[in-house]
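>>> give me a 3D structure for the following:
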Amino acid sequence: MKVLVVDDEPLARRRLVDLLSETERYEVVGEAQDGPAAVRACAQLQPDAVLLDIRMPGMDGIEVARHLDSMENPPAVVFCTAFDQYAMSAFDVHAVGYLLKPVRRAALLDALDGARRTNRAQISALETGLAPERDDARTHLSVRSHRGIDLIAIEDVFYFMADQKYVRIRHRGGEMLTDEPLKDLENEFSDRFLRVHRNALVSRRLLDGLERDRAGHFQVRFKDVEERVPVSRRCVPEIKKLLLEL
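Prediction:
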């Protein structure tokens, strides 16, 4: 079985690698020190299982699991955590593989032997069960491309725009398409994006101004890019208020 080890602490990763090196049943094919690196490594290395830390800066382990679930052949996931036994009841109820730190060899092998793919229902339940410990909104979007899975940082997105069956994501690195509904994105990121049109959400942080085009229609401009996004008249007052606060 090919295993990817993910933990932001080098010593924790080294311990897991050393424990797995004592058996021929498992091969460590890679390591990752953060969430984005873990998703990219899974797309490239195609491990059978991932030993995944939960508490990591930025993208935590539960968000990583959400991105892995969207892969064509997702790996099994075993969470590694220092959560106390009370918090771990969320894992027990939903039958998700987990290891308590410091990890012991026997427990590690047992967890990998019983590792199964983590499904969306389990991930959702974990997010709810551990809500006091984390922010449920994603830090990144995962989008399928010819490279496998591309990660787009939410803080780099200028706007989302509905485009027939898809939503166009305009970000600092270019444009991508996602099949996530615009309404779902609005619900999840309402604190960071503002509805300016029935088919568009714009970044509150990257908004730079409001202007009219030659036909007299309102549109918003952004910091660092030339594109403009049309604005519905009913949304103009809220945009003006936001701009005064920036």
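
>>> now what about stretch 12-25, what contacts it?
1, 3, 5-7, 26-28, 31, 33, 51, 53, 80, 101-103, 105, 108-109, 112 (Cβ atoms under 8 Å, 6 or more residues apart in numbering). Where you see a C-beta, it was placed from the backbone N, CA and C, and this is true even at glycine.

>>> toward the C-terminus from the helix or strand bottoming out on mean pLDDT in the chain, list the very next helix or strand.
Lowest on mean pLDDT, DSSP states H and E among the helices and strands of the chain sits helix 89-93, with a mean of 53. Downstream of helix 89-93, the first helix or strand assigned by DSSP states H and E is strand 98-100.

>>> give the other helices and strands that that next one contacts.
On a contact count with 3 or more Cβ pairs under 8 Å, 6 or more residues apart in numbering; DSSP states H and E, strand 98-100 meets strand 76-81, helix 105-113.

>>> would you mark the buried spots in that strand?
For strand 98-100, the neighbour count (16 or more other Cβ atoms under 10 Å) marks 98-100 as buried.

>>> residue 219: which of those is nearest?
The closest of the buried residues of strand 98-100 to residue 219 turns out to be residue 98 (Cβ to Cβ; 49.2 Å).

>>> quick one, what contacts residue 218?
Residue 218 touches 210-212, 230-233, 236, counting by Cβ under 8 Å, 6+ apart.

>>> farthest pair in the residues you listed?
211 and 232 (15.0 Å).

>>> got the angle for the host helix or strand of residue 38 vs strand 76-81?
Per DSSP H and E: residue 38 is located in helix 35-45. Angle, helix 35-45 to strand 76-81, by axes from the mean of the first three to the mean of the last three Cα atoms, to 10 degrees: 150 degrees.

>>> which helices and strands does helix 35-45 pack with?
Using 3+ Cβ pairs under 8 Å, 6+ apart, helix 35-45 is in contact with strand 2-6, strand 27-32, strand 49-53, helix 61-69, strand 140-145, strand 148-153.

>>> mind checking which of the ones you listed is nearest residue 168?
strand 140-145 (10.9 Å).

>>> tell me the pLDDT at residue 80?
Here the pLDDT value assigned to residue 80 is 88.

>>> list of residues touching stretch 235-246?
194-197, 204, 207, 209-210, 218, 220, 231.

>>> narrow these to those in strands?
Mapping these onto strands (DSSP state E) picks out 194-197, 207, 209-210, 218, 220.

>>> lowest pLDDT pick from the buried residues of strand 98-100?
Confidence by pLDDT is poorest for residue 98 among the buried residues of strand 98-100, given 81.

>>> so in terms of bridging, what pairs with that residue?
residue 79 (DSSP bridges).

>>> how much space separates it from residue 77?
Computed as Cβ to Cβ, to the nearest Å, the residue 98 to residue 77 distance reads 9 Å.

>>> one more: residue 189?
25 Å.

>>> so where is this structure shaky, pLDDT-wise?
84-96, 116-122, 124-136 (pLDDT under 70).

>>> right, I'll call it a day here.
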